[in-house]
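# need the 3D shape of this:
(chains A and B)
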Amino acid sequence: MAGVSGEPAAPASERLCRCARDTGPDTGPSSRPLRFVAAPGRLAQLGERLVYTQEVGGSIPSPPIRYVRRVEPTDAELVAALRAGDEETYLRIVRDWHSSMLRVAQIFVPTRSLAEEVVQETWVRVLGALDRFEGRSSLKTWVFRILVNTAKTRAQREGRVIPFSSLHDPARVPEAAVDPDRFLADSHAQHPGGWSALPPVLPEDRLIAAETRTVVAQAIEALPANQRAVISLRDVEGWSSDEVRNALDLTEVNQRVLLHRARSKVRQALEEYLA
Amino acid sequence: MIDVEAFSCQELVELVTDYLEAALSPADVRRFEDHLAGCDGCTEYLAQFRRTIQLMGTLTPADLTPAAESALLGVFRSWSSGQSGTVEPDG
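Below is the predicted model of the structure:
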């Protein structure tokens, strides 16, 4: 039975996960850390459905409570698994990141098929350099930096002008979030810079319709590549601003400028569709 | 620069992401929220902006096609067999 005293120290893949303590009833004394195992006596595989056992006392309640929460592997564990030739781990990472990788590649190369080639070339380079991964950045950041370099090299080979400046200095070209015509003039007596007509209210029932999501997706596709990449990573893929900044080597300000422009345009597209 | 008494609507719409990302100074947050309190247009605008972000969170990320997956698995297998010392013909 897992959790009995005298058991060897838990390896990192069986880390305590206090955050799950409040997710369900009957999880035992709340002050007691929980430990996740796949089944009694067996460690969880990465991403597997988990049952819990208590750190102290070690009995599995009946019926067992099944958690779908994943124990996120550390970068060191991922790298070790890759080095050991673990295809499951590799495919899980590939699946998790593929869509984001395509988005980033498409900042630099014009088509999806070229982006797919860049992603493939990136994995060749990542695996080849895996022994040199030192953990100074996260694995994700490291992989995406390699992706960006690979994509730039590829774009140069294809003879494309790389939009470095538009990625790294977007503020150079000003861009209004809302058409200036929708505001009163700065010289207006009562409301300088105020709305000349209020934004129309968007009907909630249509906002939640499936077609509306298609409009949103199309609006994202229509964005300039750098804005499209940032908004996709942040708002579609759910990356943090730090992750995006690190992966794309952007300053905090430029990341926000790109994100703001992208969001403003998508909102505008929604308004045009719905109002 | 924005160091006037209050934000205009036109200024406010440029600051929505900064506001949502907690990148405004405390003084600017107050001006932002003071403006909202008295402005239906900007309140609606902010609500739409938030709604837009929510909607994007419901989109499905681009698929990994079976062809791409098998190509990427091939990359891993040839690397992995090289790792384990298997002698591979060099092409």
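
# from the stretch 101-250 of chain A, which residue is nearest to chain B?
A:Gly193 (2.8 Å; CB to the nearest CB). To be clear about C-beta, it is placed using only N, CA and C from the backbone, and glycine gets the same treatment.

# can you pull the contacts of that residue?
Each residue near A:Gly193 by CB atoms under 8 Å, 6 or more residues apart in numbering or on different chains is listed here: A:183-184, A:186, B:8-11.

# ok, now how distant is the residue nearest in space to the middle of chain B from B:Ser25?
Per CA atoms, centre = their mean, the C-alpha nearest to the average position across chain B is that of B:Ile53, at 8.4 Å. From B:Ile53 across to B:Ser25, the span is 23 Å (CB to CB, to the nearest Å).

# and for the nearest residue to the residue of the stretch 101-250 of chain A closest to chain B once chain neighbours are set aside, the neighbour number?
Leaving out its chain neighbours, the residue that sits closest to A:Gly193 by CB to CB, 6 or more residues apart in numbering or on different chains is B:Ser8, at 2.8 Å. Other residues near B:Ser8 number 21, with proximity taken as other CB atoms under 10 Å in any protein chain shown.

# check A:Glu77 too.
17.

# cool, and the one 5 residues further on?
The number of residues packed around A:Leu82, counting by other CB under 10 Å, is 22.

# A:Ala209 now?
Neighbourhood size, A:Ala209 [other CB under 10 Å]: 12.

# only alpha carbons, please: show whichever strand or helix holds B:Leu72 as CSV.
Using DSSP states H and E, B:Leu72 falls within helix B:66-83. Only the C-alpha atoms of helix B:66-83 are listed here, as CSV (Å, rounded to 0.1, in the frame of the first residue of the first chain):
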residue,chain,number,x,y,z
PRO,B,66,-1.6,12.9,-38.5
ALA,B,67,0.9,13.5,-41.3
ALA,B,68,2.8,16.1,-39.2
GLU,B,69,2.6,13.9,-36.1
SER,B,70,4.1,10.9,-37.9
ALA,B,71,6.8,13.0,-39.5
LEU,B,72,7.7,14.4,-36.0
LEU,B,73,7.7,10.9,-34.5
GLY,B,74,10.1,9.9,-37.3
VAL,B,75,12.4,12.8,-36.2
PHE,B,76,12.4,11.4,-32.7
ARG,B,77,12.9,7.8,-33.7
SER,B,78,15.9,8.5,-35.8
TRP,B,79,17.4,10.8,-33.1
SER,B,80,16.7,8.2,-30.5
SER,B,81,18.2,5.3,-32.4
GLY,B,82,21.4,7.4,-32.9
GLN,B,83,21.4,8.2,-29.1
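
# buried residues of it, list them for me.
B:68, B:72, B:75-76, B:79-80 (16 or more other CB atoms under 10 Å in any protein chain shown).

# next one: stretch A:178-192
A:178, A:182-184.

# what's in contact with it?
By CB under 8 Å, 6+ apart, the surrounding residues in contact with stretch A:178-192 are A:193-197, A:264, A:268, B:8-10, B:13, B:45.

# selecting buried members of these in ChimeraX, what would you type?
The buried residues among the contacts of stretch A:178-192 can be selected in ChimeraX (16+ other CB under 10 Å) with this line:
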select /A:193,194,195,264,268 /B:8,9,10,13,45
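
# take the contacts of stretch A:178-192 and write them to a markdown table, including pLDDT.
A markdown table is the format used below for the contacts of stretch A:178-192 (pLDDT from 0 to 100):
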| residue | pLDDT |
| --- | --- |
| A:Gly193 | 93 |
| A:Gly194 | 94 |
| A:Trp195 | 94 |
| A:Ser196 | 92 |
| A:Ala197 | 88 |
| A:Ser264 | 97 |
| A:Gln268 | 96 |
| B:Ser8 | 94 |
| B:Cys9 | 96 |
| B:Gln10 | 95 |
| B:Val13 | 97 |
| B:Tyr45 | 96 |
